[in-house]
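>>> Predicted model and sequence follow; I will ask about them next.
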Amino acid sequence: MKIISGTQVRKELLEKYKETIQKKNLKIGLAIIQLGDNEASNTYIRNKLKYTQEVGIDSQLIKLPEETTQEELENQIKALNKDKKITGIILQSPTPKHIDFTKCARLIAPEKDVDGFSEENLFSIRDNQEKIIPCTVKGILKLFDYYKIPLEGKNVVVMGRSNIVGRPLADALINRNATVTLCHSKTENLEKFTKHADIVISAVGKAGLVKKEMVKKGFVGIDVGINMVNGKLVGDFTKEAGEKASYMTPVPGGVGPMTVAMIIDNLIELKEKEK
Ligand code: NDP
């Protein structure tokens, strides 16, 4: 079994991004909006700021109080949409319960939508006219490219149908001529699908969901899931399932590092489209 190292690929990509930003003298500004003080979000934001700043992006955190109203948040987003120094905007999830996250995320102008959650960008994948691809999805596609794992004609099972991972990922794989089965919590007999799949991608968030009986020998496994079990970070695949793979992403160190790298990839893409 070969490990797909997102950490290694990210390292190489960051060097490339830094060079591109310097050579082309790109002035890129990133604004991350956070409401409240969610502990997991603090860690994600720290990473986003660290890696973007390391490659020469002017990134800043706009930390608003938990009680910020929907209207105040909408006004903040509208102001950033108009701000010429800002290339991209991220609304950090989760937001407090009184906020309509989807509505706010979709207020971000498509040309500043780093996360790729706007209707225009999401539909562009469905329409096979890909514009900005959500970071986790783009990160997975880069891993397939880097490790030269073919997609055309392959049977791919995607587990999870969220708007930020499962669905856009299924669309992007269809665009690359894979035959895609999209499974979810109501899928009956998951194993019937996964057993015959050349590639199994789990974006569910349930430790131990994918067991060795469910996959064929030599399959490619992509584990998007993040679960905390006894203080340890694990994915959705059991260790034994992973051992049957020809290629497998570890957790941590697989898809996660790619997601943050793709923020930079998307920011460069947005900046270059500005011209
Ligand atoms: P959501 O909770 O939005 O979606 C989970 C999906 O899993 C749903 O579509 C749900 O089905 C499906 N599901 C639940 N139980 C089962 C089951 N038993 N069998 C098959 N499908 C099932 O999560 P996200 O898409 O936001 O994230 C998924 C996971 O990926 C999480 O662990 C998250 O932490 C992780 N993640 C990791 C990232 C990274 O960079 N590594 C980035 C983003 C997410 P239904 O629609 O029917 O409810």
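Structure's in. What do you need?

>>> give me the element the closest residue to the ligand within the stretch 1-150 of the chain is part of.
Proximity to the ligand, evaluated over the stretch 1-150 of the chain using CB to the nearest ligand atom, is greatest for residue 136 at 4.2 Å. Quick note: C-beta positions are derived from backbone N, CA and C, even for glycine. In this structure, residue 136 sits in helix 135-146 according to DSSP states H and E.

>>> Residue 194 and residue 215 touch, don't they?
Yes. Counting by CB atoms under 8 Å, residue 215 is a contact partner of residue 194 at 5.8 Å.

>>> tell me, what's touching these two both at once?
Common contacts of residue 194 and residue 215, defined by CB atoms under 8 Å, 6 or more residues apart in numbering, comprise residue 200.

>>> rewinding a little: neighbours around the residue of the stretch 1-150 of the chain closest to the ligand, how many?
Using other CB atoms under 10 Å, residue 136 has 24 other residues around it.

>>> Give me the secondary structure label for the residue in the stretch 101-250 of the chain positioned nearest to the ligand.
Closest to the ligand within the stretch 101-250 of the chain is residue 205: 2.6 Å, counting by CB to the nearest ligand atom. Secondary structure, DSSP: H, G, I helix; E, B strand; the rest coil: residue 205 is coil.

>>> Would you mind naming what in the stretch 51-200 of the chain lies close to the ligand?
136, 159-162, 164-166, 183-187, 190 (CB under 6 Å from any ligand atom).

>>> which two of the residues you listed lie the greatest distance from each other?
Using CB to CB, the pair of these lying farthest apart is 136 and 186, separated by 22.6 Å.

>>> Tell me where the stretch 151-275 of the chain has helices.
Assigned helices in the stretch 151-275 of the chain, in chain order: 166-175, 190-194, 239-243, 255-274 (criterion: DSSP state H, counting those that start in this stretch).

>>> CSV for those helices, including distance to residue 128 and mean neighbour count?
What follows is the helices of the stretch 151-275 of the chain, written out as CSV (distance: least, CB to CB, whole Å; neighbours: other CB atoms under 10 Å):
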stretch, distance to residue 128, mean neighbour count
helix 166-175, 5, 22
helix 190-194, 24, 17
helix 239-243, 32, 16
helix 255-274, 18, 21
